[in-house]
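Novice: here is a sequence together with a model predicted from it:
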Amino acid sequence: MGVRSWIFAALQVSIATALLVGCSQPAANSGQAQPDGAKEQAGQEVRLKMVESITSPQRTALLKEMLTQFEAKNPGIKVDLISPPFEGADQKITQMLMAKEELDVLEVREFNAKQFSMNGFIENLKPYTEKWSNYDQLTDVAKRRATWVDNTPYYIPNGLYQRVLYYRADWFKEAGIEAPKTWAELLAAGKKMTDPAKNRYGYSFRGGPTGWDYALIAMWAYNGTEVDPSSAFFLKDGRTLFSTPESLEAMRYYKQLYKEISPPDSVSWGFQEMVQGFVAGSTAMLIQDPDVIDGAKEKMQEGTWATAPLPIGPSGVAQQVVGGPGWGMTAYSKHKPEAWKLIEFLSDPEQSTHFAKKTSVIPVVKSAAEDEFYKTGYFQPFIEMNQQPQTFIDVSRPVDYKGWGAWQSAADKEIQSYLLDQLSAEDLLKKWDEYWTKERAERK
Amino acid sequence: MQRDHIWWQTARVVVLGGFLAFAIFPLYWIVITSLKGQKEIFSLPIRYWPDEVTLLNYVEIFRISHFQVYIWNSFLVSLFASALVVVIAMLGGYVLARFSFRGKREVMFGFLVTQMIPIFIGMAPLYVMMSKMHILNSLFSLILIYTVMLIPFCTIIMSGFFQRIPNALEEAAMMDGCSRISALFRVIVPIMLPGIAATFIFAFVQCWNELIMAVLFIDEESVKTIPVAMNAFIKKYDIEWGAMSAATVLSVIPTMLLFAFCQKYLVEGLTQGAVKG
Amino acid sequence: MQTEKPIVVTKEPFVSPPKKPFRLSKEGAFICLCLLPAVLFVGIFTYYPLLRGIIMSFQNYTLFNLLDVRFIGLDNFFAVLTSPEFPRVALNSFYWVAVSLFFQLLFGFALALFMRRRFRGRGIYQAFVFFPWAMSGFLIGLIWRWMFNAQFGVINDLLVKSGLIAAPIPFLADGKWALAAVIIANIWYGVAFFAIMILAALQSIPEELYEAAAMDGAGRIQQFWSVTLPYILPTMLVTILLRVIWILNFPDIIYAMTNGGPAGSTHIFATYMIDKVIFGQDYGQASAVGVIIVLLLLVFTVFYVKATRMEKGGDF
């Protein structure tokens, strides 16, 4: 091409670019200039952007209600709530943070807290919590969740997710047995309930996404107090959890659970299927978080089901990871004081208890233990468990290790292989033992 | 044409009937589910017809979400993106079919390669681009990206259509003093209408269903499209099958209507470009 | 082939029309103007992100530590290619494409053949059998996952009721069944596209060709081999190529139905890549998988085009 054609081509490019920019301008204005313009007018109106992670239409509606109250109390601040669909919400939040997309308050999950802080995405809240009188209102577990990473408060939990046993009270009554207190009793009870011809099974097994979590619960219960609560893939003596004969026993037991008292396709069940199996009357027992109560109330007859504390292992204890998502602040927020105001409002004991009740989770504040709502009925086992911290031990997963992500993504497949008899328990544990021994060595 | 043998006719009825059953069964199942009450959806034995037909699921989706808004957004996005794609693909397809020029092969090849790129590979960079352009959370971002995603295939299809139309037609028009572009629009486009319609339908359906980009770019209620909204029925512990199936039925109706009314164009249009694909 | 060759097309694609060789003529300007929007859009929003993705595949790019992004050569590719899952993922991808494609083509062809002649209600019939193609992949996956469920799934219920099986089969819990299940869902989705394309091609066959063949004494089956097949072959070849590319790059159904499980038995490259992003949080390795997909398809396309001599057809 000659010079003229180059000029021509360049012209074309610039025209097209102008078109593109021209088209995008209105959107850009509405996104940015509006708050700025408003700022100039009203003096100090601030627009906060906030994103939630455990989204559901009901939860979003509840949050919006609370935000309206917040805005009424703080006339200069407006909050835009972003509610990405639950599936992929964390992925989306990560994406926003990586792009430094405008965002002030975000819901942090225990498994991404380390990642977010490590990459400098979220703000250390210490300067704020130090001056916050309600910080001491948080329960011990809630405080541990808040300071999960590096002993630093990166977020304020908004509710606790801990597991209990859900069981079919009517079936148990029919069979003349009590709710199981230990894993051994659970297996025995499950055998009584299982009758594939009637499409009835003892247990809602979790073999699908993050099924490793349930295998761990079994291994912890078998290893008992030897487990290091602060990094529960390891024992107090420094060896890995996977190196003990108790863990081998636990994995054998775990396979029995699947083969003998669970539906065959539960090897691929995720959250939804296991809960579905229980509420639809196909399985007799389910171990799940408190927010299942809400759905079960809606879909099951009163009196056909009940809750009980988590079964304990041969060691006499039961460990669990209490999940505690919460509100954090982006490190690059331009309105940090206002963002904290919002977090403070949402974490206020009254607001936070209200939120927990409505979303059917365990509140993070001490006063809630006295609340009638939690002292009786379906929620009672949670309170009961929390009052016996020696038996029901709160432990942490090694989410702050570099190899966590890769292990997690491989573990489900490996457990499924084991359950489907393609891999032996010994090999499985050996593999994990080697992996985590190496991880630990590399970390030091 | 010869008369059909009896076995041919039998085979025809069996194949067409069998396939209809295969194709339609899941649809039947969604419709039935959408008419069942919460409890009945998960009761055993499985009901092939609801004990009690209820429209509650439909009421529910309009109650808990702004479904009418999502339908409108999806419609706007699909309409504008498809229209834009058709225009761009028509221009591109026309020159690819009519001229031989340096770089033509490369352009064609470049278009073909876009079809091979997994959508996830460019997602993170694309998000950053959209963020920098300040067009996240706008219908415009979706119109833009859908147009981009559909251009290659539609351009190639269009170029196939143009190849089927004799060059003599526009030559004649140009002799009469039309410019090339006006010859294109006055003479060729009317003949190609079924082909254009087919491309438009193809593009429309793709936009209507697109989920990944929509979830990536859209957070705000007011600009959500149907797939994003439906994705929200998958909750932590529960897929709301009642709402999900009702929403599926509603979302499929427009595309089915489009198919029913325009299927003539779809096949006829593609017939024009068939041999060249 | 029956197409009228446009007059300007020459055999050598790299040579501009000889009349005006090195100046941007009016015609050249017209060509640029018409192609510019398409090329510009695709270049900016498809190729630029792809380029970034390719760069990422050579980097240590994990969400665990974004402060430590650096070039690591081919490490990501080695990690992916030597991982124990890889052979299985590759094999699954092959089955996924080959089996899906075979049945989509077979059913699509049969359907088109039988639909060629008009019958009452063909329009409505068409709308119904083509509708799966108008649904989103994720939705299809969800719906089939539910239908294949061992407890509440309608498929097991029907099979048990009809006496074909004694007890429900946990389709999605067994590796082999699960792969079959996702492929069935994919076949359900993809038949329509073949049917539409082939039907269109069939309808473009001039009736005179059949008449001539009949005059020569060709029976129906002979007519099929001597007239129908040769005529629609080009369409089929292009459609098959496109479908291979699309199917390999189509994670939606598998992702929604099995998420690659159980035990990785239904992972294909495309879902494996998503898995690397969402669970492994390793953008580098995920991009490496993406690059491998593109390379595989490029190699396949080159061989396919050479083998079928499609380039003689002029389009690709």
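Specialist: Looks like it arrived, so ask away.

Novice: just give the nearest non-adjacent residue to whatever residue of the stretch 251-400 of chain A ends up closest to chain C, would you?
Specialist: Relative to chain C, the nearest point of the stretch 251-400 of chain A is residue A:265 (3.1 Å; C-beta to the nearest C-beta). C-beta: built from backbone N, CA, C; applies to glycine. Distances taken as C-beta to C-beta, 6 or more residues apart in numbering or on different chains place residue C:170 nearest to residue A:265, at 3.1 Å, with adjacent residues excluded.

Novice: contacting residues for the one you found?
Specialist: Residue C:170 is in contact with A:263, A:264, A:265, A:267, C:150, C:177, counting by C-beta atoms under 8 Å, 6 or more residues apart in numbering or on different chains.

Novice: just flag the most distant two among the residues you listed.
Specialist: Greatest spatial distance among these (C-beta to C-beta): A:263 and C:177, at 14.4 Å.

Novice: how about low-confidence regions in the stretch 51-200 of chain B?
Specialist: For the stretch 51-200 of chain B, no stretch has pLDDT under 70.

Novice: picking up where we left off before, so the residue of the stretch 251-400 of chain A closest to chain C makes contact with residue C:150?
Specialist: Yes: counting by C-beta atoms under 8 Å, residue C:150 is a contact partner of residue A:265 at 4.0 Å.

Novice: need the residues touching each of those two.
Specialist: C:170, C:171, C:172, C:173.

Novice: can I get these in TSV including secondary structure and pLDDT?
Specialist: Formatted as TSV, those follow (DSSP: H, G, I helix; E, B strand; the rest coil; pLDDT from 0 to 100):
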residue	secondary structure	pLDDT
C:170	coil	80
C:171	helix	84
C:172	helix	83
C:173	helix	79
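
Novice: now the residues you listed as JSON lines including distance to residue A:190?
Specialist: Shown next, in JSON lines, are the shared contacts of residue A:265 and residue C:150 (distance: C-beta to C-beta, whole Å):
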{"residue": "C:170", "distance to residue A:190": "18"}
{"residue": "C:171", "distance to residue A:190": "23"}
{"residue": "C:172", "distance to residue A:190": "22"}
{"residue": "C:173", "distance to residue A:190": "18"}
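
Novice: specify which member of the contacts of residue C:170 is nearest to residue A:97.
Specialist: Nearest member of these to residue A:97, counting by C-beta to C-beta, is residue A:267, at 34.7 Å.

Novice: tell me the contacts of the spatially closest residue to the closest one that is not a sequence neighbour?
Specialist: Nearest residue to residue A:267, sequence neighbours excluded (C-beta to C-beta, 6+ apart): residue A:207, at 3.7 Å. Applying C-beta under 8 Å, 6+ apart, we find residue A:207 in contact with A:258, A:266, A:267, A:268, A:269, A:415, A:416, A:419, C:173, C:262.

Novice: the closest residue to chain B within the stretch 301-444 of chain A: which element?
Specialist: Of all residues in the stretch 301-444 of chain A, residue A:301 sits closest to chain B, at 9.1 Å by C-beta to the nearest C-beta. Secondary structure assignment for residue A:301, by DSSP states H and E: no helix or strand.

Novice: tell me, how many residues neighbour it?
Specialist: One way to gauge burial is a neighbour count; for residue A:301, by other C-beta atoms under 10 Å in any protein chain shown, it gives 9.

Novice: so does stretch C:263-280 get close to chain B?
Specialist: Yes: counting by C-beta under 8 Å from any C-beta of the partner chain, contacts between stretch C:263-280 and chain B involve C:269, C:270, C:273, C:274, C:277.

Novice: okay, now the third one: neighbour count?
Specialist: It stands for residue C:273. Around residue C:273 there are 28 residues (other C-beta under 10 Å).

Novice: in which helix or strand does it reside?
Specialist: Using DSSP H and E, residue C:273 sits within helix C:269-278.

Novice: and that helix, C-alpha only, in CSV?
Specialist: These are the backbone C-alpha positions of helix C:269-278, laid out as CSV (Å, rounded to 0.1, in the frame of the first residue of the first chain):
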residue,chain,number,x,y,z
PHE,C,269,-10.5,-29.7,28.0
ALA,C,270,-13.1,-26.9,28.3
THR,C,271,-14.4,-27.9,31.7
TYR,C,272,-10.9,-28.8,32.9
MET,C,273,-10.0,-25.2,32.1
ILE,C,274,-12.9,-23.8,34.2
ASP,C,275,-11.9,-26.2,37.0
LYS,C,276,-8.4,-24.7,36.9
VAL,C,277,-9.8,-21.2,37.3
ILE,C,278,-12.5,-21.8,39.9
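
Novice: which ones are touching whatever residue of the stretch 51-200 of chain B ends up closest to chain C?
Specialist: For the stretch 51-200 of chain B and chain C, the shortest gap (C-beta to the nearest C-beta) falls at residue B:122, measuring 2.8 Å. Residues near residue B:122 by C-beta under 8 Å, 6+ apart: C:46, C:48, C:49, C:50, C:52, C:53.

Novice: OK, contacts around the third one?
Specialist: If I follow you right, that is residue C:49. Per C-beta under 8 Å, 6+ apart, neighbours of residue C:49: B:121, B:122, B:123, B:125, B:126, B:129.

Novice: same question, residue A:95
Specialist: A:101, B:123, B:124, B:127, B:216.

Novice: which SS class is the first one?
Specialist: On the three-state scheme (DSSP: H, G, I helix; E, B strand; the rest coil), residue A:101 is labelled coil.

Novice: which residue, other than its chain neighbours, is closest to the most centrally placed residue in chain B?
Specialist: Note on chain B: the residue nearest the mean C-alpha position is residue B:205, at 1.4 Å, using C-alpha atoms, centre = their mean. Once flanking residues are discounted, residue B:205 sits nearest to residue C:134: 5.0 Å by C-beta to C-beta, 6+ apart.

Novice: surely residue C:243 touches residue C:102?
Specialist: No: at 10.7 Å, residue C:243 does not count as touching residue C:102 under the criterion of C-beta under 8 Å.

Novice: using CSV, lay out the contacts of residue A:95 together with distance to residue C:157.
Specialist: Output for these, formatted as CSV (distance: C-beta to C-beta, whole Å):
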residue, distance to residue C:157
A:101, 47
B:123, 39
B:124, 43
B:127, 43
B:216, 38
